[in-house]
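**Student:** Build me a model:
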Amino acid sequence: MQNDNASQTYQYVPNHLLLGVLTTIFCCLPFGIVSIIYAVQVNTALAAGNAPMAQVLSEKAKFWGMLGLWIGIALQVISLLFALSSGAFMAMMQQTQM
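**Tutor:** All right, here's what the predicted structure looks like:
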């Protein structure tokens, strides 16, 4: 009788959990949470022996993490530009009132 567990090979699939956590904390909360959910499901699928599903979930976790990262960066740049332009506008208005 052959042991099925011994004949299975372990396949490494990255779960991108760190990306999801960092995206949640620093960039974009909603997309980071979605990334964390998919990242946790990667380990569950691997434990169940479903490597193809784990790969799909890993890609989804990476997608949502990267999307949140880029949206977070874009929002930071936009807010910085807005703050700089507001400061320049206020300085210009103060000079014209004198």
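**Student:** does the residue nearest the centre of the chain sit in a helix or strand, and which one?
**Tutor:** The centroid of the chain falls nearest to G65 when counting by Cα atoms, centre = their mean (1.6 Å). G65 belongs to helix 51-97 when assigned by DSSP states H and E.
**Student:** these two touch, right, the residue nearest to the centre of the chain and P14?
**Tutor:** No - counting by Cβ atoms under 8 Å, G65 sits too far from P14 to count as a contact (11.1 Å). Where you see a C-beta, it was placed from the backbone N, CA and C, and this is true even at glycine.
**Student:** hang on, the earlier thing: show the contacting residues for the residue nearest to the centre of the chain.
**Tutor:** For G65, the contact set (Cβ atoms under 8 Å, 6 or more residues apart in numbering) comprises H16, L19, G20, T23, F31, G32, S35, A39.
**Student:** Go through those residues and say which is closest to Q55.
**Tutor:** H16 (11.8 Å; Cβ to Cβ).
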